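A.B. asks: Sequence plus the predicted model coming up.
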Amino acid sequence: MLSFFTNPYPDELLYSAIARYHFYSGNLDCKDTLEELFGSRSMIPSVEIGSHFSILAEKLGFHYSIETLLANHTIYPYYAMFLSKNRQQEIMQDVANEGQGLYVRLGIIAGGICRKDGLYYCALCAKADLEQCGEPYIHREHQLQGIDYCPHHEVPLKKYPLTPNVGSRIEFIRFEMEQMNLSHIYEVDAYAKIKIHLAKQAYKLLQKQLHSWSRQEVSLKYRGLLRDLKLVTSSNRIRQKELYEKFKQRLPVDFLEQYESEVDVVDEYNWLKVITRNIKRHVHPFRHLLMLYFLEQDIDNFIDLKADIGPFGEGPFPCLNRAASHYQKLVIPSLEVTGDFKTNAPIGTFKCTCGFIYARKGPDKSSEDRFRIGRVKQFGHVWQEKLKQLAEGDLSIRAIARELGVDSKTVKRYSSNSVEISKEASEPSQKLMAKYKQDIVEIIQEFPQLSRTTLREKCKKQYIFLYRHDKEWLMGVLPSYQKKQIPTKKVDWYKRDQEYAEKIKRIYKDLLELEKPVRITLSLIGRRLGILVNLELHLDKLPKTERLLSEIKESVPQFQIRRCCIVIDQMIIKDEPVILWKVQRIAAVKSHHFHEIKPYLANYVRQKQDVKNDEQTTS
């Protein structure tokens, strides 16, 4: 066991802690440090992860284990959630021992993308490290493939001038402030908002508990989200063409090309297809982050999602035959899923051994949906036998229908004694019909001025019964329809035009002063003033209003420019540097739209700054 060790700082790479140990131990030869820590003078130190952890954990004592070193001080958690359970176990063995197959299993060699050819740092993190720890150190979140921004300070990463394994394969590089560029000058990046989001999500991956999730569970979560987007067929196949089209709308092609993640539609094994299929191939974690960005999922929320178990859940399923002794019990082991020919919605068909077959449209939204019947396809022998028993008793058709959970017409159609039952129920119905007819006639005679609607309200019970059983008689005896006389009123459109113009001027001023800007449109003004119908149908009669609206209405680019200008004005007032990518992020303008308005904004910034400089010179 070592007499001392330079304990790693939060999120510090183990490589960085060992480099610091080498420096403070006074060892001149890196091989001496390797022997002290790993018991080997021939091993090659690894920046990202490493090997021989079983020996290192033993030398460091009970404070560290293989799992804690791997989870807290390597980049392995960036990959872990997207690996299969078997691959996770293999990597644990690689790390504990000599690590010969480690990087092959991770795909860093063959399937690696966005490889970093050195060490990276955030200037603001380095300053904070100096204040809190007395020295800068190598953060693991800054070394992740595909991640170019600091998740904490939202600024681009910078490359350290010294690169590992260039001069010697066994040397250790320790960050030194003298070698770092701590300036705040950064190039404008059109995709800064996306890159910062991805950096934050990658950092969240590093903080998750190791091996709590695997590729299989992630794949099922993806399928559930894609099902919500109607991109999964009833047979659980992904609609790849529709997925690709939606994916392109969310992530620009030139951005994907920048990160070696463009999607080749022709290739049957392009990464977008592989990531949505339950096959053995692994996909780089950065591409998983792109997928999560497309699905608008935060890592925290995504992990809490339930895995997709199909549109109707997992079996067994309940039999919903009220005539069976096993009613609502889970006795149906599986189901058949087909697609609705109009909507492509999944249709589940459930067949029980009692002969009862029912179907419903999915997907199920709650646990109660499992006990819902959309349509009965076949009642079966058990239900028929129960119907026969009930029909032989003294129950009415409605009572039998309630007992079997069906409509009265269904009982009539399936009952072998339907004629006798109908006769049994027909006599009281005839007496009731005669009584209700007499009620209707008496009310009409007593109140001859009543309209049909008022008459129906006064005797709802009689009206509904006769409408169902003798509609022809009812329609013949009811009073004729009464047409309402609506007085016509001439509109003074000139006066209305003046009133609308004044109201619009006032509300326009209020809309411009809103804390959260809204786009000025005809429909917005019309809804707020309650005059939308007239603006849409009679604007040609309101010339003054029409001219005013044409002056103040905003197109989408005009509204985006106004939002950005508000942000720029606030930055200038606060005496902050005006950086356009920050303006884009705060104003929430999509990149392809921002490119179009960027020249105007740059000119606006220059004009504002010129005015500010003139004021300072004058004062």
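C.D. replies: That came through fine.

A.B. asks: List of residues touching stretch 589-607?
C.D. replies: Defining contact as Cβ atoms under 8 Å, 6 or more residues apart in numbering, one finds that stretch 589-607 is touched by 190-191, 193-194, 252, 255, 556-557, 560-561, 563-565, 568, 578, 580, 583-584. All C-beta atoms are positioned from the backbone trio N, CA, C, and that covers glycine.

A.B. asks: Among those, which ones are in helices?
C.D. replies: 193-194, 255, 556-557, 560-561, 563-565, 568, 580, 583-584 (DSSP state H).

A.B. asks: Name the member of those with the most neighbours.
C.D. replies: Gln584 (27 neighbours; other Cβ atoms under 10 Å).

A.B. asks: returning to that earlier point: and the ones in helices among the contacts of stretch 589-607, which two are the farthest apart?
C.D. replies: Of all pairs drawn from the ones in helices among the contacts of stretch 589-607, the greatest distance, 26.1 Å, lies between Phe255 and Cys565 (Cβ to Cβ).

A.B. asks: which element follows the helix or strand bottoming out on mean pLDDT in the chain toward the C-terminus?
C.D. replies: Within the chain, confidence by mean pLDDT, DSSP states H and E is lowest for helix 418-446 among all helices and strands, at a mean of 69. Under the assignment DSSP states H and E, the closest C-terminal helix or strand after helix 418-446 is helix 452-458.

A.B. asks: how far out from the middle of the chain is the helix or strand that that following helix is followed by?
C.D. replies: Taking DSSP H and E as the definition, the helix or strand that follows helix 452-458 towards the C-terminus is helix 460-469. Helix 460-469 sits 51 Å away from the centroid of its parent chain (Cα atoms, centre = their mean, to the nearest Å).

A.B. asks: tell me the average confidence for helix 460-469?
C.D. replies: What helix 460-469 shows for mean pLDDT is 84.

A.B. asks: how about the helix or strand just after that helix: buried residues?
C.D. replies: Downstream of helix 460-469, the first helix or strand assigned by DSSP H and E is helix 471-477. Across helix 471-477, burial judged by 16 or more other Cβ atoms under 10 Å covers Leu474.

A.B. asks: export helix 471-477 as CSV, just CAs?
C.D. replies: What follows is helix 471-477, C-alpha atoms only, in CSV (Å, rounded to 0.1, in the frame of the first residue of the first chain):
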residue,chain,number,x,y,z
LYS,A,471,-91.2,8.8,-35.1
GLU,A,472,-93.5,9.2,-38.0
TRP,A,473,-96.5,9.8,-35.7
LEU,A,474,-94.5,12.3,-33.5
MET,A,475,-93.3,14.3,-36.5
GLY,A,476,-96.8,14.5,-37.8
VAL,A,477,-98.4,15.8,-34.6
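
A.B. asks: for it, packing partners?
C.D. replies: In terms of contact count using 3 or more Cβ pairs under 8 Å, 6 or more residues apart in numbering; DSSP states H and E, helix 471-477 is assigned the packing partners helix 418-446, helix 460-469.

A.B. asks: what's next to it, contact-wise?
C.D. replies: Counting by Cβ under 8 Å, 6+ apart, helix 471-477 makes contact with Lys437, Ile440, Val441, Ile444, Tyr463, Leu466, Tyr467, all of which sit outside it.

A.B. asks: Quickly note the distance from the last one to Ile397.
C.D. replies: Here the distance between Tyr467 and Ile397 works out to 20 Å (Cβ to Cβ, to the nearest Å).

A.B. asks: Compare these two (neighbour count), which wins?
C.D. replies: For Tyr467 and Ile397, the more surrounded residue by other Cβ under 10 Å is Ile397, and the numbers stand at 21 against 12.

A.B. asks: just the ones in helices among the contacts of stretch 589-607 now: which is nearest Glu242?
C.D. replies: The shortest distance between Glu242 and any of those, using Cβ to Cβ, involves Phe255 and amounts to 20.8 Å.

A.B. asks: count of neighbours near the nearest residue to that closest one once chain neighbours are set aside?
C.D. replies: Spatial nearest neighbour of Phe255, excluding adjacent residues (Cβ to Cβ, 6 or more residues apart in numbering): Tyr191 at 5.1 Å. Tyr191: 18 surrounding residues under other Cβ under 10 Å.

A.B. asks: Let me know how buried Glu257 is, in neighbour terms.
C.D. replies: Look at Glu257: counted by other Cβ under 10 Å, it has 10 neighbours.

A.B. asks: in which helix or strand would I find it?
C.D. replies: helix 253-258.

A.B. asks: and that helix, how far from the chain's centre?
C.D. replies: Its chain's average C-alpha position is 22 Å from that of helix 253-258, according to Cα atoms, centre = their mean.

A.B. asks: what's the answer for stretch 229-239, then?
C.D. replies: Relative to the centre of its chain, stretch 229-239 is centred 16 Å away, using Cα atoms, centre = their mean.

A.B. asks: got a list of contacts for that stretch?
C.D. replies: The set of residues that contact stretch 229-239 without belonging to it, under Cβ under 8 Å, 6+ apart, is 223, 226, 242-243, 246, 273, 276-277, 310-311, 337-339, 344-347.

A.B. asks: One more pass at 10 Å, please.
C.D. replies: Stretch 229-239 is touched from outside by 222-227, 240-243, 245-246, 272-273, 275-278, 294-295, 308, 310-311, 337-340, 343-348, 362-363, with contacts defined as Cβ atoms under 10 Å, 6 or more residues apart in numbering.

A.B. asks: So which residues of the stretch 101-250 of the chain form helices?
C.D. replies: Secondary structure of the stretch 101-250 of the chain (DSSP state H, counting those that start in this stretch): helices at 102-106, 123-133, 192-207, 215-228, 240-250.

A.B. asks: and the shortest one, what's its mean pLDDT?
C.D. replies: Right, the one you point to is helix 102-106. Regarding helix 102-106, the rounded mean pLDDT is 79.

A.B. asks: any residues touching that helix, and which ones?
C.D. replies: By Cβ under 10 Å, 6+ apart, helix 102-106 touches 46, 48-51, 75-76, 78-80, 83, 86-88, 90-91, 93-95, 99, 108-112, 282, 284-285.

A.B. asks: Kindly supply the ChimeraX command isolating those of these that are buried.
C.D. replies: Selecting only the buried entries of the contacts of helix 102-106 in ChimeraX, with 16+ other Cβ under 10 Å as the criterion:
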select :46,48,49,50,51,75,76,78,79,80,83,87,88,91,94,95,99,108,282,284,285
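
A.B. asks: Counting only helices, which of the contacts of helix 102-106 make the cut?
C.D. replies: Among these, the members falling in helices are Tyr78, Tyr79, Ala80, Asn86, Arg87, Gln88, Glu90, Ile91, Gln93, Asp94, Val95, Pro285 (criterion: DSSP H).

A.B. asks: hang on, the first one packs against Leu144?
C.D. replies: Yes. Contact between Tyr78 and Leu144 holds when scored by Cβ atoms under 10 Å: they sit 5.3 Å apart.
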